[in-house]
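Based on what follows, work out the 3D shape:
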Amino acid sequence: MERHLPEVLDSLQQIPEKSPYTRLFLTERRHIRSEIDRYLDAKVVIRSLKLSSGDVTGYSRMRLGNNRRRDAMDGGLEDEIVKSFGENIPET
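Next comes the predicted model:
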């Protein structure tokens, strides 16, 4: 995304200008926060949300449980996938 960042930010800047009642919800990456602030000026209200490992684990298990092919994954694989998600929660 880094090389596309100027185009993405330009597009983000146009959304509130052309559609002022639109609300954007973005995941935050610390290294581009200042860029977002600069491009979107005072039109941005920032709300920080912090995921807990329990939230990620519960959501992951729920989504994996919705798998249409129940025979495609055993409990060990599901546990490994959920553990991997939990270990990769970014720190805020």
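
Tell me how far L12 lies from R63.
28 Å (C-beta to C-beta, to the nearest Å). All C-beta atoms are positioned from the backbone trio N, CA, C, and that covers glycine.

So between those two, which is more surrounded?
Higher neighbour count among L12 and R63: L12, with 17 against 12, using other C-beta atoms under 10 Å.

residues in contact with the helix or strand that contains the more buried one?
Secondary structure assignment for L12, by DSSP states H and E: helix 5-18. Contacting residues not belonging to helix 5-18 are listed as M1, T22, L24, L26, I32, E35, I36, Y39, L40, K43 [C-beta atoms under 8 Å, 6 or more residues apart in numbering].

between the lowest-mean-pLDDT helix or strand in the chain and helix 5-18, how big is the angle?
Every helix and strand of the chain was ranked by mean pLDDT, DSSP states H and E. The lowest is helix 30-40, at a mean of 75. Relative orientation of helix 30-40 versus helix 5-18 (axes from the mean of the first three to the mean of the last three C-alpha atoms, to 10 degrees): 40 degrees.
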